[in-house]
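K.L.:
here is my input; please provide its structure:
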Amino acid sequence: MLHRGQESTGGGGGRELIVPMAWLYAEYIADELLRSGDLMPPTSFEFRAGRDALALTIYLSDTDGELSGIQVVSQLENWLSLTAYDQPWQDWVCERMAALTAETALTGGPWPDLELARAAWRWLEETELLAPDLNAVPGGGAAVGEDDGPKVWTPAWQLGLPLGHLAIHLF
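P.N.:
Sure thing, here's the model as predicted:
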């Protein structure tokens, strides 16, 4: 059974390749939003964190599996609210992933979009990036230079989420 948003390459028999179009489209939108904001070099880990956080937000918020190009603009406010600083984004991701996993178990079919989303979420949770410590005491003896000052290892999602939010805002 093919999920909406997925296409089969078709073929005469046996197993069919299911292309994860919903995830690939979410990743494309996230990439375009970040590139248009010109906030980070596209080759940086920070950019990847932003792209993956945004792609997860886009993919998981598309509950009907029918996100099209024209609906992207209408979804920007929703994505802004989901990625806002005061929102429990991490909890929301876990809940949506659990719901999609349960839905997949009921249908019994493969869902490669979900597998790619899981991989992105795993990377965002398990990868830590060295970032400025925003909780450090101002003027606590740190130099004023851009690369100076206290730094702390931070889960990638905690850097990518605000970057994605800002990219949406700038769009």
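K.L.:
report the helix or strand with the lowest average pLDDT across the chain.
P.N.:
Least confident helix or strand of the chain, by mean pLDDT, DSSP states H and E, is strand 7-8 with a mean of 44.
K.L.:
C-terminal to it, what's the next element?
P.N.:
Beyond strand 7-8 in the direction of the C-terminus, DSSP states H and E gives the next helix or strand as strand 18-19.
K.L.:
L76 and Y85, how far apart?
P.N.:
With distances taken as CB to CB, to the nearest Å, L76 is found 17 Å from Y85. Placement of C-beta: from N, CA and C, glycine included.
K.L.:
these two: which is more packed in?
P.N.:
Neighbour count, other CB atoms under 10 Å: between L76 and Y85, L76 has more, with 13 against 8.
K.L.:
pretty sure the more buried one sits against H165.
P.N.:
No - L76 is beyond contact range of H165, at 11.0 Å (criterion: CB atoms under 8 Å).
K.L.:
contact partners for the residue nearest the centre of the chain?
P.N.:
Averaging the C-alpha coordinates of the chain gives a centre point, and the residue nearest to it by CA atoms, centre = their mean is A53 (2.4 Å). For A53, the contact set (CB atoms under 8 Å, 6 or more residues apart in numbering) comprises A30, T83, W89, L124, W157, G160, L161, L163, G164.
K.L.:
let's see that with 10 Å instead.
P.N.:
By CB atoms under 10 Å, 6 or more residues apart in numbering, the contact set of A53 is 30, 34, 83, 89, 93, 120-121, 124, 156-165.
K.L.:
for the host helix or strand of I168, buried residues please.
P.N.:
Using DSSP H and E, I168 sits within helix 156-170. The neighbour-count check on helix 156-170 (16 or more other CB atoms under 10 Å) flags 156-168 as buried.
K.L.:
stretch 105-118 too?
P.N.:
In stretch 105-118, the ones that count as buried by 16+ other CB under 10 Å are P110, W111, P112, D113, L114, L116, A117.
K.L.:
sounds good, over and out.
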